[in-house]
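Trainee: Predicted structure and sequence below. I'll ask about it afterward.
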Amino acid sequence: MDLIETYLNNIQTINSMTLDDYDNKGNVKKNNKLATVNRQVAHHMLEVMNYSDEYRKMALDEIKDVINKNIWVESLGNKILLQQWYEQLCSAEKITDTSKMFFI
């Protein structure tokens, strides 16, 4: 299965979780695992692959979501990843004004 399909299927499964599902430890564990997979897919999409702006933005949103949860170690690692990714992108595309980039 393609990484994008995996990512989108995981999002659909996670979003379909109802309040009743939180009573089931197995469902919660499954959805937590899917969220972890999505983070890994998001990192892979930015670091290795070249996808459309739409999918790139989804990957960036996933990583920013991790940063906003304020889990210290995960936030720090993801902040470093994004900073390096932005610097690499700006350097490769000779971008000096990053304020106009849609994903910042």
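Mentor: That came through fine.
Trainee: Nearest residue to Leu34 in space, ignoring adjacent ones along the chain?
Mentor: Using CB to CB, 6 or more residues apart in numbering and skipping residues adjacent in sequence, the residue nearest Leu34 is Asn10, 4.2 Å away. Where C-beta positions appear, they are placed from N, C-alpha and C, glycine not excepted.
Trainee: Surely the one you found touches Val37?
Mentor: Yes. Contact status for Asn10 versus Val37: in contact at 5.9 Å, counting by CB atoms under 8 Å.
Trainee: So which of these two has more stuff around it?
Mentor: More neighbours surround Asn10 than the other of Asn10 and Val37, with 18 against 14 (other CB atoms under 10 Å).
Trainee: Skip ahead from the helix or strand harbouring that one and say which helix or strand is next.
Mentor: Taking DSSP states H and E as the definition, Asn10 sits inside helix 3-15. Downstream of helix 3-15, the first helix or strand assigned by DSSP H and E is helix 25-47.
Trainee: Using CSV, write out every CA atom in that following helix.
Mentor: Extracted in CSV, the C-alpha atoms of helix 25-47 (Å, rounded to 0.1, in the frame of the first residue of the first chain):
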residue,chain,number,x,y,z
LYS,A,25,-8.7,-0.1,25.8
GLY,A,26,-8.0,-2.1,22.6
ASN,A,27,-9.5,0.6,20.3
VAL,A,28,-7.5,3.3,22.1
LYS,A,29,-4.3,1.4,21.8
LYS,A,30,-5.0,0.7,18.1
ASN,A,31,-5.7,4.4,17.4
ASN,A,32,-2.6,5.5,19.3
LYS,A,33,-0.5,3.1,17.1
LEU,A,34,-2.1,4.6,14.0
ALA,A,35,-1.2,8.1,15.2
THR,A,36,2.4,7.0,15.7
VAL,A,37,2.5,5.5,12.2
ASN,A,38,1.1,8.8,10.8
ARG,A,39,3.9,10.7,12.4
GLN,A,40,6.5,8.4,10.9
VAL,A,41,4.8,8.6,7.5
ALA,A,42,4.8,12.5,7.8
HIS,A,43,8.5,12.5,8.5
HIS,A,44,9.3,10.2,5.7
MET,A,45,7.2,12.3,3.3
LEU,A,46,9.1,15.4,4.1
GLU,A,47,12.6,13.9,4.3
